[in-house]
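**Student:** no sequence for this one, just the structure:
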DNA sequence: TATTGTTATACTCTATAACTATA
DNA sequence: TATAGTTATAGAGTATAACAATA
């Protein structure tokens, strides 16, 4: 049925009109994401924090003694994916895994002094990167963009 | 210098405030992208077109005899990445590689009848997926979102 | 039985570099 | 020399499934 409808519409589609793709939210979302992601990595440098590592560090700094499971849930990724991220942060001396009294399965993540300082420095770099990348958007537009993206995020819960 | 500034701000940051991350465009962009990408794949099914294959097919349908190099440039990826995409579309019988008279290095890509029909059917599925995912956004908001994402894309040129 | 952290494994997407055949 | 398509390869990022320790 969908096929027949599609075929019927096909007769009306001119070959030169390629607005299809450019009008899709998903396509624009991905293209924008790729640009922002690449610029983030460029801004933080070859040996800098990867986006996902920066995000994890941010939550660890702000939520003391967060567990890996909780962190994974908040970041929207699987628990198993957090191991490499935590290893990365631990190897840099930014985070330590701490035993939790009362539940020996759990390891609480805590940012070290160096980790907190590194986070705040990275945050400034990230904010500069975003300011540069969003220079064509007014502050109001940037806020609108974040609000609209959050609406999409809420549906995906 | 940036370090000293960051350290100074650190003293003012309360541990409970984790607006940092949630206010960053990049973070929201990625989270939204992940959701839309996953729903796209779900909508088109296990053996359906992957997002990048759908995008390529869209351009091939709309720009007859486009070359792979041109297509790669328009999609913002490397030439080498297009080989697998073209192989995929060719294996499905949706696209053929055609020799171009006058330059034997080039292979023009052309959508078959089946390819055109499959594209239009997929487009309907994609539009339904986007309508579902963007149900919390008004048509005006969706348009605003696309406009803002395009502004980001333009900077990354 | 369920949960936490972990490992092993595989898959997608992408890039870089080098090759070939042409130009 | 330069370009189009291709191959080989590697590196992120992610998921799934299974495991040991613990609850």
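**Tutor:** Yep, it's here. Predicted, not measured: the structure shown is a model, and the values here were computed from it. Numbering: from 1, shown residues only, chains lettered A, B, ... in the order given.

**Student:** what count of nearby residues applies to whatever residue of chain A ends up closest to DNA strand C?
**Tutor:** Among all residues of chain A, residue A:80 sits closest to DNA strand C, at 2.9 Å; criterion: CB to the nearest atom of the strand. Quick note: C-beta positions are derived from backbone N, CA and C, even for glycine. Look at residue A:80: counted by other CB atoms under 10 Å in any protein chain shown, it has 9 neighbours.

**Student:** again with residue A:98
**Tutor:** Residues within reach of residue A:98, counting by other CB under 10 Å, total 12.

**Student:** what does residue A:34 give?
**Tutor:** Going by other CB under 10 Å, the residues that sit close to residue A:34 add up to 16.

**Student:** what's the first helix or strand after the worst-scoring helix or strand of chain A on mean pLDDT?
**Tutor:** Ranked by mean pLDDT, DSSP states H and E, the weakest helix or strand in chain A is helix A:2-10, scoring a mean of 35. The first helix or strand that comes after helix A:2-10 along the chain, using DSSP states H and E, is helix A:19-23.

**Student:** now that next one: mean pLDDT?
**Tutor:** Averaged across helix A:19-23, pLDDT comes to 93.

**Student:** one step back: using the three-state scheme, assign the residue of chain A closest to DNA strand C.
**Tutor:** Here residue A:80 takes the helix state, with states given by DSSP: H, G, I helix; E, B strand; the rest coil.

**Student:** list the contacts of it.
**Tutor:** By CB atoms under 8 Å, 6 or more residues apart in numbering or on different chains, residue A:80 lies in contact with nothing.

**Student:** okay, now the unreliable bits of chain A?
**Tutor:** A:1-18, A:157 (pLDDT under 70).

**Student:** how about the residues of it by DNA strand D?
**Tutor:** A:50-53, A:76-78, A:80-81, A:84, A:102-105 (CB under 7 Å from any atom of the strand).

**Student:** can you list the residues of chain A near DNA strand C?
**Tutor:** Close to DNA strand C, as judged by CB under 7 Å from any atom of the strand, chain A has residues A:30, A:34, A:67-70, A:79-80, A:82-83, A:86, A:97, A:105-108.

**Student:** ok, the closest residue to residue A:76 other than its chain neighbours - how many residues close by?
**Tutor:** In this structure, residue A:76 finds its nearest non-sequential neighbour in residue B:31, 6.2 Å apart by CB to CB, 6 or more residues apart in numbering or on different chains. By the criterion of other CB under 10 Å, residue B:31 has 21 neighbours.

**Student:** over to residue A:96: give its phi and psi.
**Tutor:** phi -130, psi 150 (degrees, to the nearest 10).

**Student:** if I follow the layout properly, it ends up in contact with residue A:114?
**Tutor:** No - applying CB atoms under 8 Å, one finds residue A:96 not in contact with residue A:114, separated by 10.6 Å.

**Student:** same drill for those two, tell me which one is more crowded.
**Tutor:** Using other CB under 10 Å, the more surrounded residue of residue A:96 and residue A:114 is residue A:96, with 16 against 12.

**Student:** quick one: contacts for residue A:115?
**Tutor:** Residue A:115 touches A:57, A:60-61, A:89, A:92-95, counting by CB under 8 Å, 6+ apart.

**Student:** can you list these in CSV and add neighbour count and secondary structure?
**Tutor:** As requested, the contacts of residue A:115 are arranged in CSV below (neighbours: other CB atoms under 10 Å in any protein chain shown; DSSP: H, G, I helix; E, B strand; the rest coil):
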residue, neighbour count, secondary structure
A:57, 26, helix
A:60, 26, helix
A:61, 26, helix
A:89, 25, helix
A:92, 16, coil
A:93, 12, coil
A:94, 24, coil
A:95, 25, strand
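
**Student:** which of the residues of chain A next to DNA strand C count as buried?
**Tutor:** A:30, A:34, A:67-68, A:70, A:82, A:86, A:106-108 (16 or more other CB atoms under 10 Å in any protein chain shown).

**Student:** need the strands for chain A, in chain order.
**Tutor:** Under the criterion DSSP state E, chain A carries strands at the ranges A:66-67, A:95-99, A:107-111.

**Student:** residue B:149: which of the residues of chain A next to DNA strand C is nearest?
**Tutor:** residue A:30 (9.3 Å; CB to CB).

**Student:** nearest spatial neighbour of the closest one, skipping sequence neighbours?
**Tutor:** According to CB to CB, 6+ apart, the nearest residue to residue A:30 is residue B:33 (6.0 Å).

**Student:** my guess is residue A:52 contacts residue A:88. True?
**Tutor:** No - if you go by CB under 8 Å, residue A:52 and residue A:88 don't touch, sitting 9.2 Å apart.

**Student:** between the strands of chain A, which gets nearest to residue A:145?
**Tutor:** It's strand A:66-67; of the strands of chain A, that one is closest to residue A:145 (CB to CB) at 27.9 Å.

**Student:** the closest one pairs with which strands?
**Tutor:** strand A:107-111 (antiparallel) (DSSP bridges).
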